[in-house]
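> build me a structure from this.
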Amino acid sequence: MTALFEVENLHVSVEGREILRGVNLTICPGEVHALMGRNGSGKSTLANALMGHPKYQITRGSVRLEGADLLSLKPDERARRGLFLAFQNPIAIPGVGTGNFLRAAVKAVRGAETINAVQFRKELNERMQHLQMDPSFATRALNEGFSGGEKKRAEMLQLAMLEPRLAILDEPDSGLDIDAVRIVSEGINSVHQQQPDTGILLITHYQRILNYVRPDTVHVMVKGRIVESGGAELVQELESAGYAPILRRLGIEEEEEAPISGR
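Modelled structure (predicted):
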C-alpha cells in the first residue's frame, strides 16, 4: 500500500536543545497508529513540529504527506494540504461561536468558498448527530466554560468538519474521567468510520483509550526516538509491566517506572 504520511530521520531542537533524535514513521491511508511514551520522551514535540510551531526547529530529516514536502510549508498551508492537530489543551475563544469558528475554518482549510449558510448548517448538524452532540453546542463560544470532555469533543467536531488526510491527536484523553474517555473515543471512531481513508496518529500515555480506539500499530518513544513498534500485544505489555522491560530488552538505560495502568 502506498504511504500516506512519511517521517524520515526527523531531528528537532527547542531553544538549542535537541529533543527528537531521528524519528522514522510511516502511516498508510486509513491506518490508526498509537504513539506512547513517558513524559518528556518527545511525543508532543513531534506533534507540534509536524504542524509547524515556530518554537520547534527542524534541523534534519523530511516529512511528506501524499508525497508532498510539508517542511517547506507554513502551518496554514500544511492544514490546507490535509494535516490536522487536535491540541492537548484546547484554548477558549470568548465571543466566537463554535459554529461560526467552524465555518471560517472550513472555508480556510477546505477552500469551500461556495458553501452557503444553509449548506454549512446542514453538514454541521449531520456531523454533530454522528458525534451525539446537542445542537445547542454550536451556539456556545468556542471552549469557553467547556468541561474537559466538551473541549475534546469540540476537537472531534473540528476533525469531522475539516476532513483531513492525516489527524494528529495529542493526548485526547488527557485530564478526562473514564466516561469522558469513552465518549471522546466514540467520537474518534465515528469520524474514522465517516472518513475511512484518513490516517490517525494518536498520542497517549494511557492504555485505557486504546480499549476503545483500536490501533493498527503501536509505537514506543524514548529519548526522542521510536524504539519499538508492534500491535495490540505491545499495549498489553506496557499495561502489565510498564516501559522498563522494553528498555532493558533494547539495552536502553532508563530509570524504572511503574506500569502505566491507572496513571
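
> residue ranges with poor pLDDT in the stretch 1-150 of the chain?
Low-confidence segments of the stretch 1-150 of the chain (pLDDT under 70): 112-114.

> and F137, what does it touch?
T98, M128, E150, R153, A154, L157 (Cβ atoms under 8 Å, 6 or more residues apart in numbering). All C-beta atoms are positioned from the backbone trio N, CA, C, and that covers glycine.

> next one: it from M161, what distance?
As judged by Cβ to Cβ, to the nearest Å, F137 and M161 stand 13 Å apart.

> part of a strand, is N24?
Yes. Counting by DSSP: H, G, I helix; E, B strand; the rest coil, N24 is located in a strand.

> burial of it, as a residue count?
Using other Cβ atoms under 10 Å, N24 has 14 neighbouring residues.

> pretty sure it contacts F5?
No. Judged on Cβ atoms under 8 Å, N24 makes no contact with F5 at a distance of 11.8 Å.

> just to revisit the earlier point, pick out the most distant pair among the contacts of F137.
Greatest spatial distance among those (Cβ to Cβ): M128 and E150, at 12.6 Å.

> which residues does the spatially most central residue of the chain contact?
The centroid of the chain falls nearest to L169 when counting by Cα atoms, centre = their mean (1.4 Å). Neighbouring residues of L169 by Cβ under 8 Å, 6+ apart: A86, E155, L159, I188, I200, L201, L202, I203.

> now, these that are in strands?
If you go by DSSP state E, these have A86, I200, L201, L202, I203 in strands.

> the first one against A167, yeah?
Yes. Counting by Cβ under 8 Å, A167 is a contact partner of A86 at 6.9 Å.

> which residues do the two both contact?
With Cβ under 8 Å, 6+ apart as the test, A86 and A167 both reach L159.

> quick one: which of the ones in strands among the contacts of L169 is nearest R182?
Set against R182, the nearest of the ones in strands among the contacts of L169 by Cβ to Cβ is L202 (14.9 Å).

> which residues does that closest one contact?
L202 touches V32, H33, A34, L35, L169, P172, I188, I209, L210, V213, P215, counting by Cβ under 8 Å, 6+ apart.

> could you rerun that using 7 Å?
Counting by Cβ atoms under 7 Å, 6 or more residues apart in numbering, L202 touches V32, H33, A34, L169, V213, P215.

> quick check, M133 in contact with M156.
No. Using Cβ atoms under 7 Å, M133 is not in contact with M156, being 8.9 Å away.

> out of those two, which sits in the busier spot?
Legend: neighbour count by other Cβ under 10 Å for M133 and M156, higher for M156 (26 against 22).

> okay, and K122 sits in which element?
Using DSSP states H and E, the element containing K122 is helix 117-130.

> repeat that for N9.
Here N9, judged by DSSP H and E, is contained in strand 5-14.

> same question, V184
V184 is located in helix 178-194, with elements delineated by DSSP H and E.
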